[in-house]
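>>> Sequence below, structure please.
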Amino acid sequence: MAVTKLFLIGNTTVPSSWVALVLAFALTYLVIRFRYGKRISGVLADSMFYFVIVWKLSVILTDFENVIKSPLSIIYFNGGQIGIYLGLLAGMITIGIELKKNGMHTLEKQALFLGFITIQSIFQLAMVLMNEGPKSAELVTILMFSPVAIFIWISIHKMENALIQLALLFTASHFFTTLFQPSSYINNSFFTTILVTIFIIIFLGQNESNKTEGRL
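From the prediction side, this is the model:
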């Protein structure tokens, strides 16, 4: 969904996409912390933190001249599309370091995957609620993200070796949703899903023999 609404927070005007992202991060952390415990929710929180930091500071690379003239512009601006991908890379590296350093059980990998789809789903639904757009686009977004996210949450512990298949299902549903958006169907949000899906397939899709059960 396109950004059509701005929010005044203190003396700063922020786009609805920022509000939606903060909401998605906060709610997802709480859900993963409650269901899976402190360790893996901490890994997820670290990846979100580094995403935000790199995303915001990337404005130094994309608009260096203006940042030098007005350093406080870092607070109000970000690196745009390039910043999103750099932040996403930082988040992936954070998870990759944890994976290599301490390893992860299958259940923990599932938790990270569920964390991503929850962030993306809440973000998309929040954007629908906070912005104005074509009713068809809003309806398809709600009908695709909500049921698919719920289905994945219910199915992931019942389906053997399901992580890759469910990741591809989520990507396909996101692609279908973008076809009904007024802007180009290739956008930052969908590219994010594609990149994270590739990361999941390569780094999280491998089976672990020491699978744990229940909450960690």
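
>>> What's the first helix or strand after the longest helix along the chain?
Taking DSSP state H as the criterion, the chain has its longest helix at helix 106-130. Proceeding C-terminally, helix 106-130 gives way to helix 135-155 as the next helix or strand, assigned by DSSP states H and E.

>>> for the record, mean pLDDT for stretch 34-53?
Mean pLDDT, computed over stretch 34-53, is 95.

>>> Next SSE downstream of the lowest-mean-pLDDT helix or strand in the chain?
Of all helical and strand segments in the chain, the minimum by mean pLDDT, DSSP states H and E falls on helix 73-76, at a mean of 75. Per DSSP H and E, the first helix or strand lying C-terminal to helix 73-76 is helix 80-102.

>>> which residue sits farthest out from the middle of the protein?
The centre of the chain is farthest from one residue, Lys69, which by Cα atoms, centre = their mean lies 32.4 Å away.

>>> Now do the same for that residue: its pLDDT.
The model's pLDDT for Lys69 equals 81.

>>> Check the one 10 residues further on too.
pLDDT, the model's per-residue confidence, is 79 for Gly79.

>>> Excluding chain neighbours, what is closest to it?
Leaving aside its chain neighbours, Gly79 sits nearest to Ser58 (2.8 Å; criterion: Cβ to Cβ, 6 or more residues apart in numbering). No exception for glycine: its C-beta is placed from N, CA and C like everyone else's.

>>> what's the burial count for the one you found?
Neighbourhood size, Ser58 [other Cβ atoms under 10 Å]: 23.

>>> got the contact list for it?
Residues in contact with Ser58 (Cβ atoms under 8 Å, 6 or more residues apart in numbering) are 78-79, 82-83, 86-87.

>>> Let's see that with 10 Å instead.
Residues in contact with Ser58 (Cβ atoms under 10 Å, 6 or more residues apart in numbering) are 74, 77-87, 90.
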